[in-house]
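Enquirer: Fold the stuff below for me.
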Amino acid sequence: MPLNLDSVIQQIGALATDLRLHSNHRMQQIRQAMDILVNTDGQTINQRRAAGRFAWSIPELPVNLASAFSAIQPPTDYQALSTDGSHIDVDRHLAARCALINISKVMLQYGSKPEAHLGSTPILYADNSLSIPIQGEARDRPLDTPLVGVKRSVDEVVALAELAEETEALPKEDKHKYAPTIALMDGSLVLWGPAHQQYPDQVRHTLIEGGLIPALDRLKRIADERPLALAAYVSLPRNAGVADALRLAVCPFPIADCRTNCGHLSDNHRPCDTIGGLLDRDIFGWLLRPGERSALFANTSPIVEQYYGAHRVYFFYLNTGDEIARVEVPSWVADNEHLTSLTHSLILDQCRKGMGYPVAIMEAHEQAVINGHDRELFRRMIEEALEDNRLPVYTSQKARSKHIRWL
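Expert: Now for the predicted structure:
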């Protein structure tokens, strides 16, 4: 039965009407947030954050919250590196228990000697490789759906480190001749979120401490030898850390203790709800002119503070001219004014070359994507391989029914 579009159209119309009614209130919130941003010392909010207890994850703020920086002129000669991944998840309807991760590598060279290298490598995970060993336990942890996603993200960073090492063409004594390099990731640098807290510490150790951090160490080693900046690009970010930090500025209580002071109040009735519900991009969309970036903010999530060490994550917001993007960098980029400016400049240039989105990330995605036809072909290849080896081909009747045309 086709979708009842008449019913959908009515509901979409009601949604648009509701959004229009709330637009004036939202504009008042943005004006109040902008006033706080311009007139509040970030250190004051940092002190309130350290002393308080509240429900939101709030970054460490710079002193001048309203700082805006223009981009330097991008160099004519530079490299843009990027990796991306796609995967076919473990599927109980598939004839064999396995997963496929496809990781791309893209190198774009600009300037006097332009060139490009694009490709991808698929890796099949099955049997022992489809689990993570847990020290002290009899059974390994299977790579279920959330963990396959984290594994893929870690593999992308490892591939980015490999790609950076592959592009080290000149000897170290000529490092001043190296073209500046921007190594770009799609998404966040923080790969272990609250949804993964259910897993044992050994799983986190294997993926983060045993996979991600060594890859970041390799990238930092290269950056110590030549001008290389690592950055993660988040398009249309839904983060609200900076916006939520501003709520501390309007909190009327001496200590911001949400449960004690306002635990009995519902949403939209707490004092700080006068600016509640805003996203960071709502605020920086008004603060930043096209091409400008914000000041740097430090991520304070427990996973970053506990495990990232020398790679502590900082971020800034960038007005690309087409959107407000979030750019995350490790501390060895954030602490280096030249690398921070280079990151700003090269990402902006990549967005201009990519019609609003970094072209290196876009090309990496195109190389990595596994489309619907490929997924169906993968399923058939698994079944044919089992049949060729005279192994039973089991699949669920649900999966079988999807491949039968019904009248």
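
Enquirer: got the contact list for the closest residue to residue 303 other than its chain neighbours?
Expert: In space, and not counting its chain neighbours, residue 303 is closest to residue 192: 4.9 Å by C-beta to C-beta, 6 or more residues apart in numbering. Every residue, glycine included, has its C-beta placed from N, CA and C. By C-beta atoms under 8 Å, 6 or more residues apart in numbering, residue 192 lies in contact with 150, 204, 207-208, 303, 307.

Enquirer: Distance to residue 288 added to those residues, as JSON lines?
Expert: Formatted as JSON lines, the contacts of residue 192 follow (distance: C-beta to C-beta, whole Å):
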{"residue": "150", "distance to residue 288": "32"}
{"residue": "204", "distance to residue 288": "36"}
{"residue": "207", "distance to residue 288": "35"}
{"residue": "208", "distance to residue 288": "32"}
{"residue": "303", "distance to residue 288": "28"}
{"residue": "307", "distance to residue 288": "31"}
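
Enquirer: Find the helix or strand that residue 58 is a member of.
Expert: Using DSSP states H and E, residue 58 sits in no helix or strand.

Enquirer: Was I right to think it contacts residue 246?
Expert: No. Counting by C-beta atoms under 8 Å, residue 58 stays clear of residue 246, with 9.4 Å between them.

Enquirer: Quick one: low-confidence residue ranges for the stretch 1-150 of the chain.
Expert: 1, 135-139 (pLDDT under 70).

Enquirer: In it, what residue spans correspond to strands?
Expert: Using DSSP state E, counting those that start in this stretch, the strands assigned to the stretch 1-150 of the chain run over residues 68-69, 78-88, 98-110, 115-126, 131-132, 141-142.

Enquirer: Repeat that for the stretch 251-400 of the chain.
Expert: 293-294, 297-298, 313-319, 324-330.

Enquirer: how about residue 321, what does it touch?
Expert: Listed by C-beta under 8 Å, 6+ apart, the contact set of residue 321 reads 290-291, 351-352, 356.

Enquirer: ok, it to residue 228 distance?
Expert: Going from residue 321 to residue 228 by C-beta to C-beta, to the nearest Å gives 26 Å.

Enquirer: Excluding chain neighbours, what is closest to residue 354?
Expert: residue 362 (5.2 Å).

Enquirer: got it, and residue 32?
Expert: Closest residue to residue 32 apart from its sequence neighbours, by C-beta to C-beta, 6+ apart: residue 275 at 5.3 Å.

Enquirer: so how far is stretch 372-392 from its chain's centroid?
Expert: 33 Å (C-alpha atoms, centre = their mean, to the nearest Å).

Enquirer: List the buried residues of it.
Expert: Within stretch 372-392, the residues that count as buried by 16 or more other C-beta atoms under 10 Å are 378-379, 382-383.

Enquirer: my guess is residue 101 contacts residue 84, does it?
Expert: No. Using C-beta under 8 Å, residue 101 makes no contact with residue 84, being 11.3 Å away.

Enquirer: and which of the contacts of residue 321 is nearest to residue 325?
Expert: In terms of C-beta to C-beta, no member of the contacts of residue 321 lies closer to residue 325 than residue 351, at 7.9 Å.

Enquirer: Contacts only, for that closest one.
Expert: So residue 351 contacts 320-322, 325, 357-358 (C-beta under 8 Å, 6+ apart).

Enquirer: Now, of those residues, which are buried?
Expert: 320, 325, 357-358.

Enquirer: Thank you kindly, that will do.
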